[in-house]
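Participant: Below is the structure, and that's it, no one-letter string:
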């Protein structure tokens, strides 16, 4: 499907930042962070600070709060750690960070819109842009592709009639990779695994070397393990080639979560994979 106008706004902003900065495959994640992460939440009256807190909102806003003794709870403490780490990585003074991220949500065409669907489309299109900019030559990408159009004759009974594959990568006429992109997802609805089982099998019947990647912006280790459990090396017969986070160091170093998400791959790693497709 053609890219939506709102997703194109995100891509245009990413391209603009790329032209202003000396980014490469290892630093391209910064644009995603600056555009899509925010210290604000969307309410009925638009974007508002999170109860006066000056931290990155990395999960549901109602998880942030104080304990019964008046101390920051674990989510809020980790948010402070993440915000400090992000400030260091972006080389933005801590007191200025919240005013300088979330650029996408500050755009006049976007600021009054409900963000949930917008962020998924924006994230997907920025990932494609990064792969095109820094990845291997000769690979073309298409967004929101009907599975029945590219896998004729296959039945996808577990998927809806209007389902779409987020990203399809081709080298010439050969499909070399499928990607399911999710900015956030609920722990009890990990649709990425179902997509991998449905589409990955059809893809490998026609294109045996085709890989399936989950590309995500989720920060919760409990949710990430639902995908990582279907990836190597955890699963003996995995349906997902790898779980790719746009910046896993924000989880390991920023939130201090290590062991459970150690097998997360980075956007830089995914860009490197395109040279092998």
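Facilitator: Yep, it's here. Being a predicted model, the structure only gives us computed values, none of them experimental. Residues are numbered from 1 along each chain as shown.
Participant: Could you tell me which strand of the chain is the longest one?
Facilitator: Of all the segments of type strand in the chain, defined by DSSP state E, the longest one is strand 174-182.
Participant: longest single helix anywhere in the protein?
Facilitator: Determined from DSSP state H, the single longest helix within the chain is helix 115-134.
Participant: Give me the pLDDT for the closest residue to residue 186 other than its chain neighbours.
Facilitator: With sequence-adjacent residues excluded and distances taken as C-beta to C-beta, 6 or more residues apart in numbering, residue 186 is closest to residue 223, at 7.4 Å. Where you see a C-beta, it was placed from the backbone N, CA and C, and this is true even at glycine. The model reports residue 223 with a pLDDT of 91.
Participant: Name the helix or strand for residue 223, please.
Facilitator: helix 221-228 (DSSP states H and E).
Participant: rewinding a little: got a list of contacts for the next helix or strand after the longest strand of the chain?
Facilitator: Per DSSP H and E, the first helix or strand lying C-terminal to strand 174-182 is helix 191-206. By C-beta atoms under 8 Å, 6 or more residues apart in numbering, the list of residues contacting helix 191-206 from outside reads 147, 151, 154, 156, 158-159, 165, 175, 178, 180, 182, 185, 210, 212, 214, 216, 226-227, 230, 239-240.
Participant: got it, and stretch 147-166?
Facilitator: 1, 124, 143-146, 168, 175, 178-181, 194-195, 197-199, 202-203, 205-206, 215.
Participant: What residues are bridge-paired with residue 171?
Facilitator: residue 139, residue 174 (DSSP bridges).
Participant: Tell me, how many residues neighbour residue 139?
Facilitator: By the measure other C-beta atoms under 10 Å, the count of residues near residue 139 is 17.
Participant: how close does it get to residue 157?
Facilitator: 31 Å (C-beta to C-beta, to the nearest Å).
Participant: list the contacts for residue 61?
Facilitator: 41, 50.
Participant: just residue 225 next, same as before
Facilitator: By C-beta under 8 Å, 6+ apart, the contact set of residue 225 is 260-261.
Participant: What is the neighbour count of residue 7?
Facilitator: Using other C-beta under 10 Å, residue 7 is surrounded by 22 other residues.
Participant: do the same with residue 195
Facilitator: 26.
Participant: all strands of the chain, in order?
Facilitator: Using DSSP E, strands in the chain cover 40-43, 46-49, 139-145, 165-171, 174-182, 211-216, 242-245, 265-266.
Participant: Out of the ones you listed, the one nearest residue 25 is which?
Facilitator: Smallest distance to residue 25 across the strands of the chain (C-beta to C-beta): 9.5 Å, for strand 265-266.
Participant: other SSEs contacting that closest one?
Facilitator: Secondary-structure packing of strand 265-266 (3 or more C-beta pairs under 8 Å, 6 or more residues apart in numbering; DSSP states H and E): strand 242-245.
Participant: Name the residues of the strand it packs on that come out as buried.
Facilitator: 242-245 (16 or more other C-beta atoms under 10 Å).
Participant: contacts for that strand?
Facilitator: For strand 242-245, the surrounding residues in contact (C-beta under 8 Å, 6+ apart) are 211, 213-218, 224, 227-228, 231-232, 251, 261, 263-267, 269-270.
Participant: Thank you, goodbye.
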